[in-house]
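Trainee: got a predicted structure here, sequence first:
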Amino acid sequence: AGGNDKELDYKEVVKVIRKKTKAIILIKGTATDKILKLIECPVEVVESMKKAVGKANQFAQKGDIVLLSPGATSFGVFKNEYDRGDQFRELVNKYV
């Protein structure tokens with residue numbers, strides 16, 4: 001998650017995130033700052049999808065789920081939403 005802010009209210013989603021996640025990895029952007037203010041648990045902020053997936057691999061154990069959950073737009077970081085998903089899938093497959 002993370003990215004560019006679309007003026008969304010992240011309070012409800014952050015409540016679920018706190019209860020259900022082992023680790024949170026955000027890609028830097030204006031929405032990232034907004035989300036960080038609401039999350040009260042350890043968070044890693046990275047500069048790229050490659051670094052995000054690498055961090056996820058460090059946290060994940062057998063049987064865990066690594067989920068890409070875009071919480072904001074990715075202008076300037078990826079070509080489009082498909083590129084973001086393709087990069088995630090390609091990088092995750094290197095660890096499987």
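Mentor: The structure has been received and is ready for your questions. Numbers count the residues shown, from 1 in each chain.
Trainee: okay, now the unreliable bits of this structure?
Mentor: Of all residues in the chain, those with pLDDT under 70 make up the ranges 1-6.
Trainee: where do the helices sit along it?
Mentor: 11-20, 30-38, 49-59, 81-95 (DSSP state H).
Trainee: and the first one, what other elements does it pack with?
Mentor: I take that to be helix 11-20. Other helices and strands packing on helix 11-20, by 3 or more CB pairs under 8 Å, 6 or more residues apart in numbering; DSSP states H and E, are helix 30-38. Bear in mind the C-beta positions are built from the backbone N, C-alpha and C, glycine included.
Trainee: over to the residue of the chain most remote from its centre: give its phi and psi.
Mentor: When distances to the mean C-alpha position of the chain are computed (CA atoms, centre = their mean), the maximum falls on K62, with 19.7 Å. Per-residue torsions, K62: phi -50, psi 130 (degrees, to the nearest 10).
Trainee: repeat for D64
Mentor: phi -80, psi 160.
Trainee: what residues are up against the closest residue to it other than its chain neighbours?
Mentor: Using CB to CB, 6 or more residues apart in numbering and skipping the chain neighbours, the partner closest in space to D64 is K22 (6.8 Å). Counting by CB atoms under 8 Å, 6 or more residues apart in numbering, K22 touches F59, A60, D64.
Trainee: nearest spatial neighbour of the first one, chain-adjacent residues omitted?
Mentor: Using CB to CB, 6+ apart and skipping the chain neighbours, the partner closest in space to F59 is A23 (4.0 Å).
Trainee: what do you get for the second one?
Mentor: Leaving out its chain neighbours, the residue that sits closest to A60 by CB to CB, 6+ apart is V66, at 5.5 Å.
Trainee: quick one, what contacts the one you found?
Mentor: Counting by CB under 8 Å, 6+ apart, V66 has contacts V53, A56, N57, A60, V92.
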